[in-house]
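Colleague: Prediction below, plus the sequence it came from.
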Amino acid sequence: MSATSRRQEFLSGVRDESPILLGVVPFGMIFGALAITSGLSTLAAQAMSSVVFAGSAQFIAAQLLGADASGIVILMVVFVVNLRHLLYSASVAPHVAHLRPGWKLALAYLLTDEAYAVTISHYNSVGDARARHWYFLGAGLTLWSSWQLSTAVGIFIGAQIPRSWPLGFVLPITFIALVVPGLKDGASVAAAVIAGVLGLAAGGLPYKTGILVAALVGIVIGMLVEGRKR
Amino acid sequence: MNPWLTMLLAGLLTYGIRLSFIALLGRITVPDWFRRALRFVPAAVLSAIIVPGLFDRGGTMDFSARNPQLWAGILAVAVAWRTKSVLLTIAGGMVALLALQLILG
């Protein structure tokens, strides 16, 4: 494997990841602004983007930290929300099996939705497979750096916004924007409606445990509705 | 729990999930029911946060028809459905909220 093919792979990863940044950068800015308006310090908001480095889990964690939810509940919600990465991990595992442990540790850290999406289609394409981890690294680092930068810009913007603005409402609205386009069948609508109603009904449970209960029941209902149709 | 500790543990948890199969290749497989369940996770978790958020007005719950957040939220659902754009949904929802706050008080 030559240095040229490594560089080519790395740069292809950067190039293929770039269009996705159009969707990621505004999201990172919204996260930065929201995190500090929900009470996180500038340092904590910025740190979360590299320590957790997972879009929707970060939004939820920031919101729950601001609402004084218990740490255990926050961890359980983050766990459930990020479980999908288990599938990504299973799917890239055979492709990175030959690499040194250091590479595996680094690439696992960069395994976000967006990096996975471009990397797996590259792995599944024809051609020389030996240098493809450089592509993964290029795509992953492109996403990582734009996520850190956009968080920083968002924190800066968030600090300028007057406290009197109803910014707490941006979070439910952002979540609506994320959920609604994905409701493509009866089963996912059922999961969303049941979880939403239960989230409201169980809102009084201590430490925000209602969110967890509501989400788990919603997931089970979605699976039951889907199973019934088969 | 200290917020920094919570954040650190959330990061380790996320990293552990991402590393799992890469580190344990071939020794475990994902069961089918688990794959099916994952599809519903975003809709269920986020909806459980969205719906109470529409009624929560600065710590007190407002179930009246004069709650501007409720109507702004319904409008945001319509915008999200039609446009599938995150930015348009946020912009539409926030503009609606500000306008309705003026009208409904």
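Modeller: That came through, no problem. All values reported here derive from a predicted model rather than from experimental measurement.
Colleague: Please name the residues that touch the residue lying closest to residue A:10 once chain neighbours are set aside.
Modeller: The spatially closest residue to residue A:10, leaving aside those adjacent along the chain, is residue A:138, at 4.0 Å (Cβ to Cβ, 6 or more residues apart in numbering or on different chains). Every C-beta, even on glycine, is put in place using the N, C-alpha and C of the backbone. Contacts for residue A:138 were tallied using Cβ atoms under 8 Å, 6 or more residues apart in numbering or on different chains; they are A:9, A:10, A:11, A:12, A:13, A:14, A:17.
Colleague: Can you flag the buried ones in those residues?
Modeller: Buried residues within the contacts of residue A:138, defined by neighbour count using 16 or more other Cβ atoms under 10 Å in any protein chain shown: A:9, A:10, A:12, A:13, A:14, A:17.
Colleague: can you give me the helices in the chain?
Modeller: Picked chain A for this. According to DSSP state H, chain A carries its helices in the segments A:3-17, A:21-37, A:42-51, A:55-66, A:71-82, A:84-96, A:101-109, A:113-123, A:132-160, A:170-179, A:186-201, A:209-229.
Colleague: Hmm, no, I was thinking of chain B.
Modeller: Taking DSSP H as the test, the helices found in chain B are B:3-23, B:32-38, B:41-55, B:68-83, B:86-104.
Colleague: what distance separates the shortest one from the middle of the whole chain?
Modeller: Centroid displacement of helix B:32-38 relative to its chain, using Cα atoms, centre = their mean, to the nearest Å, is 20 Å.
Colleague: can you count the residues close to the residue of chain A found nearest chain B?
Modeller: Scanning chain A for proximity to chain B using Cβ to the nearest Cβ identifies residue A:71 as nearest, at 2.6 Å. For residue A:71, the count of nearby residues is 18 (other Cβ atoms under 10 Å in any protein chain shown).
Colleague: Nearest spatial neighbour of it, chain-adjacent residues omitted?
Modeller: The shortest distance from residue A:71 to any non-neighbouring residue, by Cβ to Cβ, 6+ apart, is to residue B:1 (2.6 Å).
Colleague: What's the local residue count around the one you found?
Modeller: Neighbours of residue B:1 under the rule other Cβ under 10 Å: 15.
Colleague: give me the low-pLDDT residue ranges for chain B?
Modeller: B:26-28, B:105 (pLDDT under 70).
Colleague: circling back: need the helices of chain B in JSON lines with distance to chain A and mean neighbour count, can you?
Modeller: Output for these, formatted as JSON lines (distance: least, Cβ to the nearest Cβ, whole Å; neighbours: other Cβ atoms under 10 Å in any protein chain shown):
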{"stretch": "helix B:3-23", "distance to chain A": "4", "mean neighbour count": "20"}
{"stretch": "helix B:32-38", "distance to chain A": "5", "mean neighbour count": "14"}
{"stretch": "helix B:41-55", "distance to chain A": "3", "mean neighbour count": "26"}
{"stretch": "helix B:68-83", "distance to chain A": "4", "mean neighbour count": "20"}
{"stretch": "helix B:86-104", "distance to chain A": "4", "mean neighbour count": "17"}
